[in-house]
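Asks: I need the structure of the sequence given here:
(2 chains)
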Amino acid sequence: MMKRIQAELSFLRALIGVNLASAMEYRASFISQIVGMFINNGIYFVFWIIFFNQFGTVRGYNMDEIFLLFAIVTLGYGLGFMFAGNTRQYMAYLVAQGRLDYYLVFPRNLLLHVIFSKMIVSTVGDVAFGLIAYSFTGRFTLVEMGLFLLTAVFAAIIFVGYSVITGSLAFYMGNAQYASQQVTNAMLTFSLYPNSLFSGASRMMLYTVIPAAFVGAVPVDIVRYHDGRLLLLLAGTAVLIWLLALALFYYGLRRYESGSAINVNV
Amino acid sequence: MLLQLRRTTTKYTAITMTNLQNQLAYVWEALNRAVFIVLIMFVFVQLWTAVYETQGATEIAGLSLQATIWYFLIAEVMELGKIRHDERISEEVKDGSVAYTLTRPYNYLAYHFFNGLGETAVKMTLIFLLGLPLVVYYAGWPTVAPGQLLPVLLVGALAMLLDFFAFSIIGLLAFVTEDTFSFRLIYQKFVFILGGLMLPLDFLPGWLQPLARVLPFNLTTYAPAKLFVAFSWAQFWQILGLQILWLTIFGLILLRQYRWATKQLVVNGG
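Replies: Predicted coordinates for the structure are as follows:
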């Protein structure tokens, strides 16, 4: 068992290494994507700075909470998709086009092999941005920094798990590229806005169908209030989302039809 | 002369119509992409409702909550419906197909403009129609005098043209740099803040407003949206003058850049 886990881990390390080497082959594009994403996140930051300067606190949120929210969401998103980028619309495309054959013939864990086969280069910019954004929060005690990193890792696990769910929709819907892209984008968009803006059914949605609260608002509250119970809830949610992702992926795999495409991965 | 003009008009109209037919054939895909407007408008409605509530104000900088919601719909229609030909130019340079498209019997940039018009017409219509029910539900119908609709449409058309010029400058950079991702991103982000996509210019701090108003970014997004919700002839003439000024500046840059870029171009493949 331990040997099997070690073999899988060393395979994943090799995959990540190859992805990184392949991305860095086009050095100018690699750097411009990272810098571009950093600027992209920075502009949203500028928006919030102007917004809170003009309008003050809105429903319990001010700039301090936004620094922390951006730090956790961008670091979580970046960590998740920097390593496991072959989810969402990319996975939906593989399934709909019958291009999973390439992965099926390998004696490796199928789902891990699929999702770790792509690196989203721009997410390196997200990781850097998340860490820098945290430095503006002024929360530098060991407990707070530890909780920040821990919740960002949970956010990464939830982001990837949820995008496996949306990518797996292709097993059931056929062409689910747009649907998976839109739903995952929705999760990211909602997570970057103060949770207190939403109420009623839309708030309920952020804790269930589009679990944006678990990658944004809940981690922010954990770091702000050092709330252990919320941390347990976050961990439980991560497990639940991954159980659902595994069930949807492997149950859906029974419905998979090969596209008989000649697939050359270089 | 007249015959030449007729031939040119027929040629570019055919380009627009062909792409329009293509877009209509894949209208379901366009619809899927346009669904984003519902999400972003919902978020904006919640955010600005909270702001007006917190401020306890019926108007902020002369705009009511209803006007602000309509402002964002029009600004998003302008932003999401724009012609995105710079990516296509970058792809053409990367795969070498630019060697063929440059030598075809049409003006290279005019081709991209008229080709993009067909796509833009479908995108803008779908985005507006999808956002409309949500906006009407939260903000009701806008009050626009029929006499003001024509100037707003004129400013909207010039906004599209100005944006096309800006993206052409970015696209032609691909002749040298191949990839234009970061240039595009930086331009778009300027539109987000200084162009009024995320905040109407009237909500910006006093020191930033004068600068934002003379820069070209607001003329592509803020200008048509603001005139739509709060029309004034004085602002219309000011915007129109600035649009013509920036169109002239960008047009001159494009003329020189096109000559320079075609000399720098190295075509890949064979």
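
Asks: correct me if wrong: residue A:145 contacts residue A:139.
Replies: Yes. Taking C-beta atoms under 8 Å as the definition, residue A:145 is a contact partner of residue A:139 at 7.2 Å. Where C-beta positions appear, they are placed from N, C-alpha and C, glycine not excepted.

Asks: poorly predicted segments of chain B, please.
Replies: The model of chain B has pLDDT under 70 over residues B:268-270.

Asks: quick one: the residue nearest the centre of it from residue B:62, how far?
Replies: With distances taken as C-alpha atoms, centre = their mean, the residue of chain B nearest its centroid is residue B:82 (3.9 Å). Remark: distance between residue B:82 and residue B:62 (C-beta to C-beta, to the nearest Å) = 27 Å.

Asks: could you do residue B:89 as well?
Replies: Distance from residue B:89 to residue B:62, by C-beta to C-beta: 40 Å.

Asks: list the contacts of stretch A:166-176.
Replies: A:87-96, A:177, A:179-180, A:183-184, A:245, A:248-249, A:251-253, A:255-256 (C-beta atoms under 8 Å, 6 or more residues apart in numbering or on different chains).

Asks: got the residues of the stretch 101-250 of chain A near chain B?
Replies: Listed as neighbours of chain B in the stretch 101-250 of chain A under the rule C-beta under 8 Å from any C-beta of the partner chain: A:178, A:179, A:182, A:185, A:186, A:189, A:190, A:193, A:196, A:197, A:198, A:202.

Asks: what about the first one, which helix or strand?
Replies: Residue A:178 belongs to helix A:177-191 when elements are defined using DSSP states H and E.

Asks: for that helix, the averaged confidence score.
Replies: If you average the pLDDT over helix A:177-191, you get 89.

Asks: show residues contacting the helix or strand following that helix.
Replies: Using DSSP H and E, the next helix or strand after helix A:177-191 towards the C-terminus is helix A:200-205. Helix A:200-205 is contacted by residues A:195, B:42, B:46 when judged by C-beta under 8 Å, 6+ apart.

Asks: if you count neighbours, what's buried in the helix or strand following helix A:200-205?
Replies: As assigned by DSSP H and E, the chain's next helix or strand after helix A:200-205 is helix A:217-225. By 16 or more other C-beta atoms under 10 Å in any protein chain shown, the buried positions in helix A:217-225 come out as A:217, A:218, A:219, A:220, A:221, A:222, A:223, A:224.

Asks: helix A:217-225 to helix A:177-191, inter-axis angle?
Replies: Orientation check (axes from the mean of the first three to the mean of the last three C-alpha atoms, to 10 degrees): helix A:217-225 against helix A:177-191 gives 20 degrees.

Asks: packing partners for helix A:217-225?
Replies: The contact analysis (3 or more C-beta pairs under 8 Å, 6 or more residues apart in numbering or on different chains; DSSP states H and E) places helix A:217-225 against helix A:63-83, helix A:142-173, helix A:228-253.

Asks: what's near enough to touch the spatially most central residue of chain A?
Replies: Centroid-nearest residue in chain A, with C-alpha atoms, centre = their mean: residue A:159, separated by 3.1 Å. When contacts are counted by C-beta under 8 Å, 6+ apart, residue A:159 touches A:76, A:77, A:80, A:81, A:187, A:215.

Asks: please check the contacts of stretch A:166-176 and keep the buried ones.
Replies: A:87-96, A:177, A:179-180, A:183-184, A:245, A:248-249, A:252.

Asks: now do the same contact list for residue A:193.
Replies: Here residue A:193 is in contact with B:43, B:46, B:47 (criterion: C-beta under 8 Å, 6+ apart).

Asks: how about the nearest residue to the last one, chain neighbours excluded?
Replies: The spatially closest residue to residue B:47, leaving aside those adjacent along the chain, is residue A:197, at 5.6 Å (C-beta to C-beta, 6 or more residues apart in numbering or on different chains).

Asks: surely that neighbour meets residue B:46?
Replies: Yes. Counting by C-beta under 8 Å, residue B:46 is a contact partner of residue A:197 at 4.4 Å.

Asks: so is the host helix or strand of residue B:228 next to chain A?
Replies: Taking DSSP H and E as the criterion, residue B:228 maps to helix B:222-229. No. Using C-beta under 8 Å from any C-beta, helix B:222-229 never reaches chain A; the gap is at least 14.4 Å.

Asks: ditto for stretch B:88-98
Replies: No. Judged by C-beta under 8 Å from any C-beta, stretch B:88-98 makes no contact with chain A; its nearest approach is 10.1 Å.

Asks: for the helix holding residue A:178, list the C-alpha coordinates in CSV.
Replies: The C-alpha atoms that make up helix A:177-191 are tabulated as CSV, following Å, rounded to 0.1, in the frame of the first residue of the first chain:
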residue,chain,number,x,y,z
GLN,A,177,-17.5,22.6,-21.8
TYR,A,178,-19.3,25.8,-21.5
ALA,A,179,-21.4,24.7,-18.5
SER,A,180,-18.4,23.6,-16.6
GLN,A,181,-16.5,26.7,-17.4
GLN,A,182,-19.4,29.0,-16.4
VAL,A,183,-20.1,27.2,-13.2
THR,A,184,-16.5,27.3,-12.1
ASN,A,185,-16.2,30.9,-13.1
ALA,A,186,-19.3,31.6,-11.0
MET,A,187,-17.7,30.0,-8.0
LEU,A,188,-14.6,32.2,-8.4
THR,A,189,-16.5,35.4,-9.0
PHE,A,190,-18.8,34.9,-6.0
SER,A,191,-15.9,34.0,-3.8
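
Asks: contacting residues for the nearest residue to residue A:242 once chain neighbours are set aside?
Replies: Nearest non-adjacent residue to residue A:242, counting by C-beta to C-beta, 6+ apart: residue A:161, 4.5 Å away. Residue A:161 makes contact with A:238, A:241, A:242, A:244, A:245, according to C-beta under 8 Å, 6+ apart.

Asks: between the buried residues of helix A:217-225, which sits nearest residue B:69?
Replies: residue A:217 (24.1 Å; C-beta to C-beta).

Asks: list the contacts for residue A:244?
Replies: Counting by C-beta under 8 Å, 6+ apart, residue A:244 has contacts A:161, A:165.

Asks: oh sorry, the question was meant for residue B:235
Replies: Applying C-beta under 8 Å, 6+ apart, the residues near residue B:235 are B:226, B:227.

Asks: helix or strand for it, just tell me which one.
Replies: With DSSP H and E as the criterion, residue B:235 is inside helix B:233-264.

Asks: what comes up buried for that helix?
Replies: B:236, B:239, B:240, B:242, B:243, B:246, B:247, B:250, B:254, B:257, B:258, B:261.

Asks: quick one: residue A:141 and chain B, what's the gap?
Replies: Residue A:141 is 31 Å from chain B, where distance means C-beta to the nearest C-beta, to the nearest Å.

Asks: so where do the helices sit in the stretch 1-150 of chain A?
Replies: Counting by DSSP state H, counting those that start in this stretch, the stretch 1-150 of chain A has these helices, from start to end: A:2-25, A:27-55, A:63-83, A:88-96, A:101-104, A:110-115, A:123-135, A:142-173.
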